[in-house]
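Peer 1: I would like to see how this sequence folds:
(chains A, B and C)
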Amino acid sequence: MLALVDGNNFYCSCERVFQPRLKNRPVVVLSNNDGCAIARSDEAKALGIKMGAPWFKIRHLEEEAGLVALSANFALYGDMSDRMMTLAAGLGHMQEVYSIDESFIDLSGIPGDLVRRARTIRRRIHQWIGIPTCIGIGPTKTLAKLANAIAKSAERKPGSYPAHHAQICHLGACSPQELQALLQATEVGDVWGVGRKIGAQLRAQGVHTALDLQRMSPAAAKAGWSVVLEKTVRELNGVPCIEFEDEPPAKQQIACTRSFGQPITELHDLQEAITEFACRAAEKLRKQRSHTGQIMAFIRTSPFREKDPQYSRSASIPLPTPTSDSAHITQAANAILKHIYRPGFKYAKAGVMLMDLQPATRQQLTLDLDNDMPENRTRLMQAMDEVNQRFGRGTLHLASAGTAGRHRAWSMKQERLSSGFTTDWGGLLCVNNDLLP
DNA sequence: TCTGGGGTCCTAGGACCC
DNA sequence: TCTGGGGTCCTAGGACCC
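Peer 2: Numbering: from 1, shown residues only, chains lettered A, B, ... in the order given. Coordinates of the predicted model:
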């Protein structure tokens, strides 16, 4: 048996812990550059605000409905998440952290009343961290997800499901008739793994509810769609097909991409952005002790400004020697940028992706020894990570050649650090590429 | 449907080989 | 010159998730 523990409206709930005045008010948390809503309180959902709604379209609700909008504070949410995960882990023997606000817990071998146990953990998370959660229990991941959705819906929308499933729902403890009724009351599009497109296709074939999908033959699911949907059907029938991952596998790719607050036209401004993205990506890479064998960069105009000429292009460079060196990665990313850049466009977004990731093995370290001053180089990177960890991300960063000290034309929102102070881009220590070996 | 940022997995189709 | 069959590898794109 598996449990899924999920923080309700997670980012909003985190903010409410520190700003109790936000309780019972409609609240949204906005993405980078305050672009769109990425979290909504129940009250904000009741106002009809959709996930991803652009801020400029819902802004009028500030005046009209007392909507409160907050810029995202990801450092805070990461911190709260760690604490919540630690408590949630107490539910069973193994935990898979699935996202910032969700974790699966393996309940096999746990004796006694699982619902009562879940209730204890839920209360503890609420009392100690201040985050409200819902817990779904079922024999497979898909059914645990479904149970979680039922637990949430039963609490928020009375009448959608029987009230005793609110907050905690244990599908493994339901009678076959009860389970059937719950599946029938669930729209097929609400099943984990069924998105907008496949949901529409299923409905067109007469499959409207989770129960309909459960009764589809796995062979038909595979023939009509793919092995992914086949697994979903099997999981709905209680046959585990999606593995429990106790420790997170190393990432296969690492990306750092951003939309700009204002459109960018000049190459040197894009260079600054790409340099920063490359450095951040390299940091993530070293954190998981990997090297990258291929670097990709892209730039694009805004598809939403239809009148403006559109341009979107990406390119990648395979590296002769896999590396985690910020300077190498930055150079490669900037070389790509020069290659794909065309003047005359208003660029809205750019990014760097590291691909072909592999463990930083001893062999690769030996290869590095052939480069200039490898020991200094490694120590420099270590020191940079340590400084940034201690004083906040971006305190020490590589500047693209010749741009150090120039005003940033592409502005990102200032980031609040978990320690509570605000960093400023002025007066930052930069290391110029030109100075590196 | 909507102006975010990250990820994963699967599939189809082309290149190339025997 | 045409016709046959099968396999692998790679890439782009689609669909999904939070």
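
Peer 1: how many neighbours does the nearest residue to A:A173 once chain neighbours are set aside have?
Peer 2: The shortest distance from A:A173 to any non-neighbouring residue, by CB to CB, 6 or more residues apart in numbering, is to A:V115 (6.9 Å). C-beta here means a position set from N, CA and C on the backbone, and glycine is covered the same way. By the measure other CB atoms under 10 Å, the count of residues near A:V115 is 16.

Peer 1: did I read that right, A:V115 in a helix?
Peer 2: Yes: membership of A:V115 in a helix is supported by DSSP: H, G, I helix; E, B strand; the rest coil.

Peer 1: so how far is A:S103 from it?
Peer 2: For A:V115, the distance to A:S103 (CB to CB, to the nearest Å) stands at 18 Å.

Peer 1: tell me the mean pLDDT for whichever strand or helix holds A:R280?
Peer 2: For A:R280, the enclosing helix or strand under DSSP states H and E is helix A:267-287. On average, the pLDDT along helix A:267-287 is 94.

Peer 1: burial measure for the residue in chain A that DNA strand B sits nearest to, as a count.
Peer 2: The minimum distance from chain A to DNA strand B, using CB to the nearest atom of the strand, falls at A:G35 (2.3 Å). A:G35 is flanked by 14 other residues according to other CB under 10 Å.

Peer 1: same check, this time on A:F18
Peer 2: Neighbour tally, A:F18, other CB under 10 Å: 11.

Peer 1: what about the strands in chain A?
Peer 2: Secondary structure of chain A (DSSP state E): strands at A:2-7, A:27-30, A:37-40, A:68-71, A:94-99, A:102-106, A:133-138, A:168-170, A:254-264, A:290-301, A:312-323, A:347-359, A:396-399, A:429-432.

Peer 1: For those strands, could you give me CSV that also reports distance to DNA strand B, mean neighbour count and mean pLDDT?
Peer 2: Formatted as CSV, the strands of chain A follow (distance: least, CB to the nearest atom of the strand, whole Å; neighbours: other CB atoms under 10 Å; pLDDT from 0 to 100):
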stretch, distance to DNA strand B, mean neighbour count, mean pLDDT
strand A:2-7, 15, 26, 98
strand A:27-30, 8, 25, 97
strand A:37-40, 5, 22, 96
strand A:68-71, 12, 17, 96
strand A:94-99, 8, 16, 95
strand A:102-106, 12, 21, 97
strand A:133-138, 20, 27, 98
strand A:168-170, 25, 26, 98
strand A:254-264, 3, 17, 93
strand A:290-301, 10, 21, 91
strand A:312-323, 14, 15, 86
strand A:347-359, 6, 20, 92
strand A:396-399, 15, 21, 47
strand A:429-432, 21, 14, 27
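
Peer 1: And DNA strand B, is the helix holding A:R280 touching that?
Peer 2: Yes: against DNA strand B, helix A:267-287 shows contacts by CB under 7 Å from any atom of the strand at A:K284.

Peer 1: Please parse chain A into its domains.
Peer 2: Domains of chain A are assigned by automatic domain parsing as A:2-7+A:76-236, A:10-74, A:254-435.

Peer 1: Out of these, flag the one nearest DNA strand C.
Peer 2: In terms of CB to the nearest atom of the strand, the element of the domains of chain A nearest to DNA strand C is domain A:2-7+A:76-236, at 2.2 Å.

Peer 1: Is DNA strand C within reach of that closest one?
Peer 2: Yes: counting by CB under 7 Å from any atom of the strand, DNA strand C has neighbours in domain A:2-7+A:76-236: A:98-102, A:145, A:191-199.

Peer 1: Buried ones among the residues you listed?
Peer 2: Listed as buried from the residues of domain A:2-7+A:76-236 next to DNA strand C are A:Y98, A:I100, A:D101, A:E102, A:K145, A:V191, A:W192, A:G193, A:V194, A:I198, A:G199; burial here means 16 or more other CB atoms under 10 Å.

Peer 1: Next, check those residues against the helices and list the overlap.
Peer 2: If you go by DSSP state H, these have A:K145, A:I198, A:G199 in helices.

Peer 1: Tell me the pLDDT of the last one.
Peer 2: Reported pLDDT at A:G199 in the predicted model: 95.

Peer 1: need the contact list for the residue nearest to it when sequence neighbours are not counted.
Peer 2: Of all residues not flanking A:G199 in the chain, A:G189 sits nearest, at 3.6 Å (CB to CB, 6+ apart). By CB atoms under 8 Å, 6 or more residues apart in numbering, the contact list for A:G189 reads A:G195, A:R196, A:G199, A:R203.

Peer 1: got those residues as CSV, with distance to A:I299 columns?
Peer 2: Output for the contacts of A:G189, formatted as CSV (distance: CB to CB, whole Å):
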residue, distance to A:I299
A:G195, 28
A:R196, 28
A:G199, 33
A:R203, 38
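
Peer 1: Nearest to A:A173 among those residues?
Peer 2: A:G199 (28.3 Å; CB to CB).

Peer 1: The closest one and A:G193 touch, don't they?
Peer 2: No: the pair A:G199 / A:G193 is not scored as a contact, 10.2 Å apart, by CB atoms under 8 Å.

Peer 1: doesn't A:I168 make contact with the residue nearest to A:A173?
Peer 2: Yes: contact criterion CB under 8 Å: A:V115 and A:I168 qualify, at 5.7 Å.

Peer 1: Mind listing the shared neighbours of the two?
Peer 2: A:I137.

Peer 1: dump the residue contacts of A:E64.
Peer 2: Taking CB under 8 Å, 6+ apart, we find A:E64 in contact with no residue.
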